[in-house]
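Q: just coords:
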Ligand SMILES: Cc1cc2nc3c(=O)[nH]c(=O)nc-3n(C[C@H](O)[C@H](O)[C@H](O)COP(=O)(O)O)c2cc1C
């Protein structure tokens, strides 16, 4: 896929065909993505591909925790709750609401339909039934400052490289919200931070949720040019 077309067409995929993704293909995507830049070329990332039974275990545990109402406790510091849900207020909160409303509209979920909302949340905590996920870990000898910027560059590079292999992705906090079970099930040593997860699979293009094209602010409202 041509570069600009890939950047413009990439979007989060939240429904997948059940078809398995070959591990070799995922390795190829990750290998390409390691060309991503990082501060002083520190390459702080480590990858865990999770599929099959281990992925099923991870999803089950995640849904169990949701049902038990256990709040997230990620390795990446959580925003201060006193600053609003996810630390978001004002225009940022508004953008989050617009996203949620758009998703629920596409899925035909009416406001206050608690059963449908719970079903959606459970689908999210099953990682939208993706056939594979990639978990990014960072060694605890590294402070979570610039490595988080590095991981951001990496994630977008993975998402773009994946398109060349017809793979859809969704970066997901929901995969890394509870790092201890992730470490236990996936076998990630205690010495590593579980930073974030990303789903990978062949998009189910017929699913309404994949029709979502999230909004963006106009550049003019975000840009200052100083000469
Ligand atoms: C750090 C990060 C964490 C995210 N976590 C989730 C998540 O847990 N669940 C989800 O459905 N989407 C998640 N997303 C996807 C965002 O909602 C999505 O990128 C955003 O709405 C813009 O839409 P687009 O990716 O389709 O352009 C995450 C994205 C990022 C960058």
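A: Cool, got the structure. The model shown is predicted, which means the values in this text are computed figures rather than measured ones.
Q: going forward, measure contacts between C-alpha atoms and count neighbours the same way
A: Will do.
Q: The helix or strand hosting residue 29 - contacts with which helices or strands?
A: Per DSSP states H and E, residue 29 falls inside helix 23-33. Packing partners of helix 23-33 (3 or more C-alpha pairs under 8 Å, 6 or more residues apart in numbering; DSSP states H and E): helix 146-163.
Q: quick one, what contacts the spatially closest residue to residue 149 that is not a sequence neighbour?
A: Leaving aside its sequence neighbours, residue 149 sits nearest to residue 38 (C-alpha to C-alpha, 6 or more residues apart in numbering; 7.8 Å). Applying C-alpha atoms under 8 Å, 6 or more residues apart in numbering, we find residue 38 in contact with 44, 147, 149, 150, 151, 153.
Q: separation between the first one and residue 3?
A: Taking C-alpha to C-alpha, to the nearest Å as the measure, residue 44 falls 26 Å from residue 3.
Q: of those two, who's got more company?
A: A direct count of neighbours by other C-alpha atoms under 10 Å for residue 44 and residue 3 places residue 44 higher, at 18 against 11.
Q: Double-check that residue 200 belongs to a strand.
A: Yes: assessed with DSSP: H, G, I helix; E, B strand; the rest coil, residue 200 lies in a strand.
Q: can you give me the helices in the chain?
A: 3-9, 23-33, 52-67, 90-106, 114-125, 146-163, 173-176, 179-186 (DSSP state H).
Q: Point out the one among those helices that comes closest to residue 202.
A: Smallest distance to residue 202 across the helices of the chain (C-alpha to C-alpha): 9.7 Å, for helix 146-163.
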